[in-house]
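Peer 1: The amino acid sequence is not available; the structure is as follows:
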């Protein structure tokens, strides 16, 4: 989706006036390809600012559809989008904002088997899925490809954001343990809080693409939006060495008829998304 990138001098004039950007920086953005996994509360503001900045090609990955409970924080969507795939509604909205770019919507879930192909050709990856296993899968794929990963997560008003891989340690070097299960549905989230981290993800992507100092790789920020506190942390010396293998992210088509599948979800979750042939625990 999109017509290809044709830079407008007027469209980006306020951006190229920034000394760190200029015409050379804008040309780098126009030639860039960015993968955004997760078109939700983090991904929506990130995509708005990336499209506004003139990133030449944006690849969107998310299997979910828009629901009414999304609308207070997922700023790309309107009431009329309820029921549509998020990536398709987002690409349409972004095309209206900046039709000179190329948008690639992929309405599918990120899995280990798909990660390398979805990442192919991209210069920066944004992990906006707010899922530990997605972050791990993307980190491993980015490490293999030598591509930086910007990852963020937030619940309530507390979150974190960092730049991993490509001259920096991977995600599990900082977060080695599977977190306690929770979600926005149970813990809640404020729209402006998640929007701030989403916009910050876009800022870090521009930072990486234009390559202006200081180097963001290997840096993490803990954010408490309620208290207005941001704590920077360097993890450049961290390592994933010695960690046990992590669980793999699979899609239904990855499961073979001979595999034994044990479904640990609640009855309501099993009814919402059935797994054929699974044994309920």
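Peer 2: Looks like it came in fine. A quick note: this is a predicted structure, and the numbers were derived from the prediction, not measured.
Peer 1: For the rest of this, base every contact and every neighbour count on C-alpha atoms.
Peer 2: Fine.
Peer 1: can you give me the strands for this structure?
Peer 2: Using DSSP state E, the strands of the chain run over 33-37, 57-61, 102-106, 124-127, 149-155, 158-164, 219-224, 229-234, 262-263, 279-280.
Peer 1: Relative to residue 191, tell me which of the ones you listed wins on proximity.
Peer 2: strand 149-155 (10.6 Å; C-alpha to C-alpha).
Peer 1: what residues does the closest one touch?
Peer 2: Residues outside strand 149-155 that contact it (C-alpha atoms under 8 Å, 6 or more residues apart in numbering): 42, 124-131, 135, 138-139, 142, 159-166, 183-184, 187-189, 194, 197-198, 201, 204-205.
Peer 1: run the last query once more with 6 Å
Peer 2: The contact list for strand 149-155 (C-alpha atoms under 6 Å, 6 or more residues apart in numbering) reads 125-127, 130, 159-164, 189.
Peer 1: before we move on, the earlier item: in TSV: the strands of the chain, plus mean pLDDT.
Peer 2: As requested, the strands of the chain are exported to TSV (pLDDT from 0 to 100):
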stretch	mean pLDDT
strand 33-37	98
strand 57-61	98
strand 102-106	98
strand 124-127	98
strand 149-155	94
strand 158-164	95
strand 219-224	96
strand 229-234	95
strand 262-263	84
strand 279-280	84
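Peer 1: re the thing from before, among the contacts of strand 149-155, which two are most distant?
Peer 2: Farthest pair in those, by C-alpha to C-alpha: 164 and 189, 24.5 Å.
Peer 1: coming back round to it: of all the strands of the chain, which one is nearest residue 176?
Peer 2: Taking C-alpha to C-alpha, strand 158-164 is the member of the strands of the chain nearest to residue 176, at 13.6 Å.
Peer 1: Any buried residues in that closest one, and which?
Peer 2: For strand 158-164, burial by neighbour count (16 or more other C-alpha atoms under 10 Å) applies to 158-164.
Peer 1: who's in contact with it?
Peer 2: With contact meaning C-alpha under 6 Å, 6+ apart, strand 158-164 is reached by 148-153, 170, 217-224.
Peer 1: OK, contacts around residue 189?
Peer 2: Contacts of residue 189 by C-alpha under 6 Å, 6+ apart are 155-156.
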